[in-house]
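Asker: Generate a structure from the sequence data that follows.
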Amino acid sequence: MSEASGASVTPKSGNGRRPRSPAGTVRLAEVAAIAGVSEATVSRVLNRKYGVSAQTREQVERALQQVGYERPVKGEIVLVLVPGMRTPVFAAMVNAIESELTPYGLRAYVCPIVPGSAQERDYIEPMLDAGLAATIFLSASNTVRNADPVARQLLEARGIPYVSVNGGFPDGEMPVVSTDDWRAAELAVSHLYDLGHRRIGMCAGPVGNTPADRRVEGFIDAMDARGLGDAEDLVVRHHYSVDGGRHAADELLPLGVTAIVASSDDMALGAIRAAVRRGLEVPRDLSVVGYDDSYLLDFTDPPLTTVRQPVESLAESCVRTLVTMVQNRSVPPTEALIDPELRLRRSTGPAPR
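Answerer: Numbers count the residues shown, from 1 in each chain. As a prediction, the model looks like this:
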């Protein structure tokens, strides 16, 4: 859309609101005058450009309605497919994505799903003709090996863009934004190694889950780099849950580990529970590092050292990429890796003598 003073938009026909100009168009100047803004601002709203406040955007939208202009159906809705909102990091990430989408006039519809299930298709299919602009796979089927491809095939068939967060589809050609899980494992192992720990175990997520697999790879690489060659024997895979962490730790503790790296904060809390049940004290007898980070971790007993996912940076990069695609501009089908951060609390300490 041009920002020149003579530029125009085409209104819907037969609305009975305002007569069209002889050329069948309404000029940007007319919309700008009604909204009390510049023509450049009208153009930015029409083209989903950043930098327009929510109040100004609403003024322009009302003016467009007054002159009888309707957006194409493909317009406002961004589906966010996410495995529930009970996990604090997912709730935080969805909130960050919503905040990033709003200045572009896009609305997030949060869809809680079981990753890789038919629920994804059930959410996407009815939205294809209801204003669906794009979709975000947030730790959804994009993280599950051999997931049902129907959901993304529906999007691709209609030319609707999507972005994957924390892992991409193996045969996909769309952009991906992820936390650097290899780096996350390195940060945890390095911290524990510097504290004197040499027998370090890992409570890992399930096999076939992309972030879990990457964290295991990073853990083994970090251990090997420090000459701790039995790392593979000290990895136990289980579900991302407190019970999963407890069961995994119950297998690791008899192996003489003095520290545990967990694939999630829930698993780390489960590992602490397993240690306490054995009469061990954290961190005197066992150090534990989680993954994700939540403000609630300051109030656990003890407060949990964890590797923080860069929620705000992930959301910003994801939305920036998505909006570029919604604006019909090309983006490379590559994966952007964003560095995590180690958050030190009191669940880690020197290795026991």
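Asker: C-alpha coordinates for stretch 301-320, CSV please?
Answerer: Only the C-alpha atoms of stretch 301-320 are listed here, as CSV (Å, rounded to 0.1, in the frame of the first residue of the first chain):
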residue,chain,number,x,y,z
ASP,A,301,12.8,-25.6,49.4
PRO,A,302,15.6,-25.1,48.6
PRO,A,303,15.2,-22.4,45.9
LEU,A,304,16.1,-24.1,42.6
THR,A,305,19.1,-23.4,40.4
THR,A,306,17.9,-23.6,36.8
VAL,A,307,18.7,-22.8,33.2
ARG,A,308,16.3,-20.1,32.1
GLN,A,309,14.7,-20.3,28.7
PRO,A,310,14.9,-16.8,27.1
VAL,A,311,11.1,-16.3,26.9
GLU,A,312,11.0,-12.7,25.8
SER,A,313,13.7,-13.1,23.2
LEU,A,314,12.0,-16.3,21.8
ALA,A,315,8.6,-14.4,21.6
GLU,A,316,10.2,-11.4,19.9
SER,A,317,12.1,-13.4,17.3
CYS,A,318,9.1,-15.7,16.7
VAL,A,319,6.6,-12.8,16.1
ARG,A,320,9.1,-10.8,14.1
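Asker: buried residues in that stretch?
Answerer: Within stretch 301-320, the residues that count as buried by 16 or more other CB atoms under 10 Å are 302, 304-311, 313-320. C-beta coordinates here come from the backbone N, C-alpha and C atoms, glycine included.
Asker: and if you look at stretch 235-250?
Answerer: For stretch 235-250, by 16+ other CB under 10 Å, it's 235-242, 244-250.
Asker: can you check stretch 339-348 too?
Answerer: 340, 342-343, 345, 347-348.
Asker: And stretch 31-50, by the same measure?
Answerer: Across stretch 31-50, burial judged by 16+ other CB under 10 Å covers 31-32, 34-35, 37, 39, 41-46, 48-49.
Asker: By pLDDT, give me the weakest of the residues you listed.
Answerer: Minimum pLDDT for the buried residues of stretch 31-50 is recorded at Arg48 (62).
Asker: for Val163, helix, strand, or coil?
Answerer: strand (DSSP: H, G, I helix; E, B strand; the rest coil).
Asker: so it bridges to which residues?
Answerer: Note on Val163: beta-bridge partners by DSSP bridges are Ile136.
Asker: what's the burial count for Val80?
Answerer: The number of residues packed near Val80 is 24, by other CB atoms under 10 Å.
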